[in-house]
Structure formats: structure tokens, C-alpha cells
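A.B. asks: When you get a sec, could you give me coordinates for this:
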Amino acid sequence: MKYADWLGLAATIAAVALLWSLRDVLVLIFAALVLAMALCTLVGSIQRRLEISRPLALALALLLLLLLAVVLATVVLPPFMAQFTQLLGQLPEAGQAILAILRSWLSQGSQMIYGRSDGGWSWLQQSLPINGDGGAALASGLGTGALRLLGLAAGNVGGGLVKLLFVVAVSLMITVQPLAYREVAILLLPSFYRRRGRQVLELCGKALSNWMVGVLISSCLVALLSGFGLMLLGVKLVVANALLAGLLNIIPNVGPTMSTVFPMAVAVLESPWKALAVLVLYMVVQHLESYVITPSVMQAQLQLLPGLTLCAQFLFTVLFGPLGLLLALPMAVCLQVIMREAVIRDLLDPWKRQRLGP
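C.D. replies: Numbers count the residues shown, from 1 in each chain. All right, here's what the predicted structure looks like:
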């Protein structure tokens with residue numbers, strides 16, 4: 001290799017190392033881009049429906065979001081926080097109830113198979129916690145995980161607020177002049193690919209808009225169905241559990257599983273069979289969401305394979321933490337568009353035609 005080649009390789013390695021060291025900032029910038037895309041979608045919808053200028057549509061959108069935030073803060077948030085705190089307080093007792101039920105089932109199963117309650121499954125019974133530590137550990141794990149996922153960890157409230165302000169500020173700046181920022185990104189591409197790169201970015205924006213609208217509708221319907229079903233079953237803390245089901249529905253695979261744990265923990269304190277009924281209810285709701293709601297509201301969204309979605313969630317969580325888990329699906333949506341358009345259609349397909357010849 002020549003000196004110029006070694007210099008280029010060193011520059012590439014240094015650039016990769018720099019990007020890796022700034023990965024936390026980059027994921028915040030991507031979060032700002034996702035939020036800006038949501039705002040641009042809302043502004044564009046208002047502009048088309050009312051046939052007004054973009055600045056006026058932006059002002060109306062911000063006013064609408066402000067009114068929505070006030071309503072949520074005054075009407076929805078207080079009962080949710082009160083019930084969520086009560087829910088976290090009931091988790092240790094629910095954990096102990098679950099452990100007691102497991103011990104009882106193991107004893108009955110051992111009695112049926114071995115003829116005595118301390119048969120071949122005694123080692124499994126002895127491995128279960130006996131005192132309150134098991135329920136406390138379960139409560140601590142679920143509570144800490146939920147709070148970290150929501151970005152409300154007590155020890156990092158100040159840092160979380162700073163990050164939130166940064167994301168909101170950058171997203172508002174991009175929303176005011178989206179085309180100018182898009183052209184800045186286009187200038188980073190080689191001149192021969194800028195026209196095509198503009199098309200790819202537009203497709204990424206369209207895919208993100210479709211995904212966000214679909215997820216919003218889907219999450220609202222999941223929250224309503226879950227709340228209605230919990231009311232019919234007579235489960236307590238309906239508001240907290242229904243809102244958690246809607247919020248966690250944004251995270252595929254992991255979110256619906258986490259949302260099922262909380263109402264089952266409340267129901268198991270009343271009756272084990274009610275907990276099983278809650279499990280059946282949430283399975284029905286998730287099947288409706290997967291096979292009826294999502295196909296109906298996301299017809300224009302590109303389909304992501306479940307295995308690829310799970311791999312993306314695992315990879316982005318390892319790289320970026322809880323925020324990476326929240327942003328895994330929009331990242332996967334953008335990456336799939338880029339791979340399909342830039343790699344497959346623009347690189348691999350022409351190369352294949354050249355190899356095959358006329």
C-alpha cells in the first residue's frame with residue numbers, strides 16, 4: 001500500500017473511533033430527527049387540510065400540542081402517577097403470591113407424579129425464595145426497569161431533562177426549516193449520488209411518517225381495549241395498566257410482555273384465575289393488534305420481519321441503552337429503506353446485470 005492509502009485507512013479508523021465515542025450524542029440527534037419527522041407530518045397534514053401557509057400550520061400544530069400537553073398534565077397524568085406508584089408498591093406482595101402459587105403447584109405436581117410432595121421436584125421448590133426477598137427483588141427489578149425505560153431514574157433526573165430539552169430544541173429547529181437541513185445532509189454525499197440520495201431520504205421520511213401514524217393509532221386502540229377488558233374483569237388500577245399497555249406497545253416484542261406483567265401482578269392478589277384471565281385478555285388484544293389493527297392502519301408501511309426487529313432491538317439496546325430500545329424500530333425502518341434503495345437497487349442490482357452481460 002502507498003502512503004496515501006495508509007493515510008486514508010488511518011483517517012477512516014479515526015473517524016469510526018470518533019463516531020463510536022459520540023454514539024450517545026448521535027442517538028439523541030436521531031431521536032430529534034424522529035420527533036422532527038412527527039412534527040413535520042402533523043404540520044403537513046394541517047397545511048393540506050386547511051390550505052394555509054407553513055408558518056401558520058406550524059403555529060397551529062404547536063398550539064395543538066401545547067393544549068394536548070396541558071390536558072394530559074391536568075387530567076391524565078395525576079391519576080396515572082398515583083395508580084402507578086400504588087402499582088409499584090403492590091409488586092412485592094404480588095411477587096410473594098406468585099412464589100406461593102408456584103410452590104403449591106410444584107407440590108401438587110410432585111404428589112401426582114411421585115406420590116409425595118417432596119419428590120423429584122423438591123430441589124426446584126427449595127430454589128424458590130422463602131422470605132420476602134423474592135418479592136422485593138421482583139418489585140425492584142420491574143420498577144427499576146420501567147423507570148429506566150421511561151427515563152425517570154431518580155439518580156439522573158437532571159441529565160434526563162437536559163437530554164430531553166436538547167432533543168426538543170433540535171427537533172423544533174429542524175421542523176422550522178426541514179428542507180434546509182435535508183440539503184445540508186445531501187451535501188455530505190458525493191456529487192454524482194446527491195439526486196438519488198435526496199430520493200432515498202424522502203423515502204426514509206415517508207416510511208417514518210407511516211410508522212409513527214400507525215403506531216400512534218395502534219397504541220391508542222390497545223390502551224382502550226386493555227382498559228375496557230380490565231374494567232370488565234374487575235381488575236384494579238385500570239388507568240395505569242391501560243396507559244402502560246398503550247405506551248409499551250411502541251416497543252415490539254418486549255413492550256407487550258412487560259405490559260402484561262403489571263395487571264397480572266394486581267390480579268393475582270385477588271385470585272390466580274383472574275391473573276390467568278388477564279393473560280388471556282392481553283393475548284387476545286395483542287393478536288387483534290398484530291393481525292387486525294396493524295395491517296389496517298399501516299398498509300403503506302414497509303413490513304419488518306419479526307426476527308430482524310428482535311435483532312435490531314437487542315443490538316441497539318446493547319449499543320445505546322434504554323433509549324436505543326425505544327428507537328430500535330425507527331432505526332430499523334430507516335436502515336431497511338437505505339439497504340433496499342442504496343445497497344440493493346443502486347449497487348448490487350447494476351453489478352449483477354454487468355456480470356450477466358447483454
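
A.B. asks: how about low-confidence regions in the stretch 251-358 of the chain?
C.D. replies: 295-306, 351-358 (pLDDT under 70).

A.B. asks: residue ranges of the strands in it, please?
C.D. replies: Here the stretch 251-358 of the chain has no strands by DSSP state E, counting those that start in this stretch.

A.B. asks: quick one: the helices in it?
C.D. replies: 254-268, 272-288, 294-297, 306-320, 322-326, 328-338, 349-356 (DSSP state H, counting those that start in this stretch).

A.B. asks: what's the answer for the stretch 1-150 of the chain, then?
C.D. replies: 3-21, 23-50, 54-71, 77-114, 122-127, 133-150.

A.B. asks: Switch those helices over to CSV, and while doing so, append distance to residue 162 and mean pLDDT to every line.
C.D. replies: Bear in mind the C-beta positions are built from the backbone N, C-alpha and C, glycine included. Output for these, formatted as CSV (distance: least, C-beta to C-beta, whole Å; pLDDT from 0 to 100):
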stretch, distance to residue 162, mean pLDDT
helix 3-21, 19, 78
helix 23-50, 10, 89
helix 54-71, 19, 91
helix 77-114, 21, 74
helix 122-127, 44, 53
helix 133-150, 17, 54
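
A.B. asks: between the ones you listed, which one is nearest to residue 266?
C.D. replies: When those are compared by C-beta to C-beta, helix 77-114 sits nearest residue 266, at 6.3 Å.

A.B. asks: Give me the helices and strands touching the closest one, please.
C.D. replies: Judged by 3 or more C-beta pairs under 8 Å, 6 or more residues apart in numbering; DSSP states H and E, helix 77-114 is in contact with helix 122-127, helix 133-150, helix 238-248, helix 254-268.

A.B. asks: residues near residue 287, how many?
C.D. replies: Residue 287 has 11 neighbours, counted by other C-beta atoms under 10 Å.

A.B. asks: What of residue 81?
C.D. replies: The tally of other residues near residue 81 (other C-beta under 10 Å) stands at 12.

A.B. asks: what's the most buried one of the helices of the stretch 251-358 of the chain?
C.D. replies: Of all those, helix 254-268 has the most neighbours on average by mean count of other C-beta atoms under 10 Å, namely a mean of 22.

A.B. asks: Does anything pack onto that one? Which helices or strands?
C.D. replies: For helix 254-268, the packing partners by 3+ C-beta pairs under 8 Å, 6+ apart come out as helix 77-114, helix 133-150, helix 194-233, helix 238-248, helix 272-288.

A.B. asks: Out of the ones you listed, flag the one nearest residue 161.
C.D. replies: Closest approach to residue 161 among these is made by helix 133-150 (13.2 Å; C-beta to C-beta).

A.B. asks: where's residue 229 relative to residue 174, distance?
C.D. replies: Using C-beta to C-beta, to the nearest Å, residue 229 is found at 40 Å from residue 174.

A.B. asks: Can you lay out the helices of the stretch 251-358 of the chain as TSV showing distance to residue 222?
C.D. replies: TSV is the format used below for the helices of the stretch 251-358 of the chain (distance: least, C-beta to C-beta, whole Å):
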stretch	distance to residue 222
helix 254-268	8
helix 272-288	6
helix 294-297	10
helix 306-320	17
helix 322-326	17
helix 328-338	15
helix 349-356	39
